[in-house]
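In: Need a 3D model of the following:
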Amino acid sequence: MNIFAVGVIVGFILFAVMATVVIFNKMQLEIARLAKEAENMNKALQVMFAKINKIEKVTQTTMDAAETFVDGLRESAEQIQMMQMRNPRMRGPMSPEGFDDLRKSFEEGIKDMEEGMDDSDEDSDEQQEPWK
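Out: Here you go, the predicted structure:
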């Protein structure tokens, strides 16, 4: 009878050890899967933040270009007003010389804007997009 009791106890202990090994193995696999998922989410977040940063930079560049364009238009309007003040007869259509002066001032503004953008592009480590 003692041998039977010892056998039952040893059998129970062996069953408990095997069950523990199986449970720990499943836990280890689940933890490894969760770690892999967390790593994938981290990579996805990095890509997402890089894309958002790029969108913000393009938006800022577009806003700066729009402001420069508006400034150029304002300067052109001021020059037209000054030309009209100098020449009171110029109430109607502008003369070809006036349009040439206006075009030259506008081209100078565009060149100044491009030079400003070239300086900022040199600081950027990003690869240039073909549409820029």
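In: I'd like the distance between Glu67 and Ala19.
Out: Glu67 sits 71 Å away from Ala19, going by Cβ to Cβ, to the nearest Å. Backbone N, C-alpha and C define where each C-beta goes, glycine included.
In: ditto for Ile52
Out: For Ile52, the distance to Ala19 - Cβ to Cβ - is 49 Å.
In: now swap in Leu34 and tell me
Out: For Leu34 relative to Ala19 (Cβ to Cβ), the value is 22 Å.
In: cool, Met63 as well?
Out: On the measure of Cβ to Cβ, Met63 and Ala19 end up 65 Å apart.
In: what does Ala38 give?
Out: Here the criterion is Cβ to Cβ. By it, Ala38 lies 29 Å from Ala19.
In: and Asp64, how many residues sit next to it?
Out: Asp64: 14 surrounding residues under other Cβ atoms under 10 Å.
In: so it is in which element?
Out: For Asp64, the element it lies in under DSSP states H and E is helix 2-86.
In: looking only at pLDDT, what's the mean for that helix?
Out: On average, the pLDDT along helix 2-86 is 91.
In: Against which helices or strands is it packed?
Out: Here helix 2-86 touches helix 96-123, going by 3 or more Cβ pairs under 8 Å, 6 or more residues apart in numbering; DSSP states H and E.
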